[in-house]
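K.L.:
next come a sequence and a model predicted from it.
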Amino acid sequence: MNSMTQSSVLLYTTLAGLITLTFSGVLTWYLLKLPTGNDRMRDIANAIKTGANAYLIKQYKVLAVIAALLFFFLGYFFKSFKKFGMRV
C-alpha cells in the first residue's frame, strides 16, 4: 500500500468518525429536548430501567465468576507448562 492510499484511508476514516460523532450528538440533543411523557409513561420507563439494571447486575456477577475461574485455570495451566521446561 503506497503512502497516497494510506493517507486517503486515514482521511476517510477520520471524516467518517467525525460525521458519526456529529450525527450522534445532534440526535442525542434532539431526543433530550422531547417531552418525557405523562406519569404512566414515566412509571413504565422506570420499571424497565429497574429490570434492565437487575439483569445487568446478574450478568456481571456471572461474568465475574467465569473470569475468575478462567484466570485460575490459565494460571495453573501455564504453571504446568513451566514444569516441563516449555517457555510460554
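P.N.:
The structure has been received and is ready for your questions.
K.L.:
so what does G17 have for phi and psi?
P.N.:
phi -60, psi -40 (degrees, to the nearest 10).
K.L.:
okay, domains of this protein per the record?
P.N.:
According to automatic domain parsing, the chain comprises the domains 1-34, 38-88.
K.L.:
mean pLDDT and mean neighbour count added to the ones you listed, as a markdown table?
P.N.:
For glycine as for every other residue, the C-beta is placed from the backbone atoms N, C-alpha and C. A markdown table is the format used below for those (pLDDT from 0 to 100; neighbours: other C-beta atoms under 10 Å):
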| stretch | mean pLDDT | mean neighbour count |
| --- | --- | --- |
| domain 1-34 | 91 | 9 |
| domain 38-88 | 88 | 10 |
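K.L.:
distance between the lengthiest helix in the chain and the chain's centre?
P.N.:
Longest helix of the chain, by residue count under DSSP state H: helix 39-83. Helix 39-83 sits 13 Å away from the centroid of its parent chain (C-alpha atoms, centre = their mean, to the nearest Å).
K.L.:
which elements pack onto it?
P.N.:
If contacts are counted by 3 or more C-beta pairs under 8 Å, 6 or more residues apart in numbering; DSSP states H and E, helix 39-83 sits against no helix or strand.
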